[in-house]
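Asker: sequence first, then the predicted structure:
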Amino acid sequence: MIDKKPKLSEQVFLRLRDRVLNNQLRVGNYYLEQELAAELGISRTPLREAAIRLEQEGLVKIVPRRGIFIRPVLADEMREIYDILSCLEVAALSAACRSPIPKEPMEELERVNRDMKEALATDDLARWALNDKRFHQILIELSHNRELIRLVNGYWDKTDRVRNMTLRLRKPPAQSTEEHRQVIAALKAGDAQRTIDIHSRHRRRASDELTQLLDVLDHSY
């Protein structure tokens with residue numbers, strides 16, 4: 001029987017990556033390798049391997065004699081990530097619109113957007129953010145392109161880190177919910193170009209809003 005359990009090095013990488021992306025390791029802080037290894041109950045070797053992979057992803061920086069530095073996300077980096085996400089999502093929508101959208105995902109898009117509206121009404125921004133992410137995931141899944149889905153999810157992980165930390169620093173995201181409603185209406189009408197236009201504007205606005213905030217915060221994230 002083949003053991004499908006991830007290797008220790010992969011497990012450590014995923015655990016450490018999750019802690020960085022969920023802001024459990026504070027941005028701008030240094031962490032000693034031996035202390036992190038002790039916290040995770042492992043030796044320094046797999047921790048070091050994980051840190052090297054995270055450094056390649058741009059999430060941390062290994063600084064000799066100081067430890068692992070948790071890198072902030074700069075406004076320019078976030079702008080670049082949003083540009084890539086927008087291109088990937090437009091590609092997904094273009095693929096999805098080549099044929100009529102099935103009933104089930106359309107109903108899920110509508111349900112998720114209703115949940116976003118209800119979450120805003122009760123000031124439950126965590127619930128709003130989860131549904132916002134799910135909305136965009138459904139759009140990507142409509143492409144049925146597994147590589148595209150994998151790429152987008154990787155970038156979403158990076159945006160989540162900043163989006164979650166700034167959620168209450170931004171104005172209530174009512175406009176996003178309205179733009180999602182317009183995307184759904186265009187999809188239901190079978191208007192591919194209108195769907196792409198609305199979605200592209202939505203992404204540009206969201207990117208500008210977040211990166212302008214990061215500029216104001218002086219790279220503290």
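Answerer: Here it is on my side, so go on. Residues are numbered from 1 along each chain as shown.

Asker: for this structure, where's the lowest mean pLDDT among helices and strands?
Answerer: Confidence across the helices and strands of the chain bottoms out at helix 146-166, with a mean of 85, counting by mean pLDDT, DSSP states H and E.

Asker: buried sites along the longest helix anywhere in the chain?
Answerer: Ranked by number of residues, the top helix in the chain under DSSP state H is helix 192-216. For helix 192-216, the buried set under the neighbour-count rule, 16 or more other CB atoms under 10 Å, comprises 194-196, 198-199, 202-203, 206-207, 210-211, 213-214. Bear in mind the C-beta positions are built from the backbone N, C-alpha and C, glycine included.

Asker: ok, back up a step: relative to helix 192-216, how tilted is the least confident helix or strand of the chain?
Answerer: Helix 146-166 and helix 192-216 are oriented at 40 degrees to each other (axes from the mean of the first three to the mean of the last three CA atoms, to 10 degrees).

Asker: name the next helix or strand downstream of helix 146-166, please.
Answerer: The helix or strand immediately downstream of helix 146-166 is helix 174-188, counting by DSSP states H and E.

Asker: buried residues, that next one. List them.
Answerer: Buried-residue list, helix 174-188, by 16+ other CB under 10 Å: 176-177, 179-184, 186-187.

Asker: cool, and stretch 142-150?
Answerer: Buried residues in stretch 142-150, counting neighbours by 16+ other CB under 10 Å, are found at 142-143, 145, 148-149.

Asker: hmm, back to that, residues in contact with the longest helix of the chain?
Answerer: With contact meaning CB atoms under 8 Å, 6 or more residues apart in numbering, helix 192-216 is reached by 73-76, 78-79, 82-83, 85-86, 89-90, 93-94, 97, 139, 162-163, 166, 169-170, 175-176, 179-180, 182-183, 186-187, 221.

Asker: okay, now the unreliable bits of this structure?
Answerer: 1-6, 218-221 (pLDDT under 70).

Asker: now do 50
Answerer: Of all residues in the chain, those with pLDDT under 50 make up the ranges 1.

Asker: leaving out the residues flanking it, which one is nearest to the residue most central in space within it?
Answerer: Among the residues of the chain, the one closest to the centroid is residue 156, at 2.0 Å (CA atoms, centre = their mean). Taking CB to CB, 6 or more residues apart in numbering, and ignoring the residues beside it in sequence, residue 156 has residue 133 as its nearest neighbour in space, at 6.4 Å.
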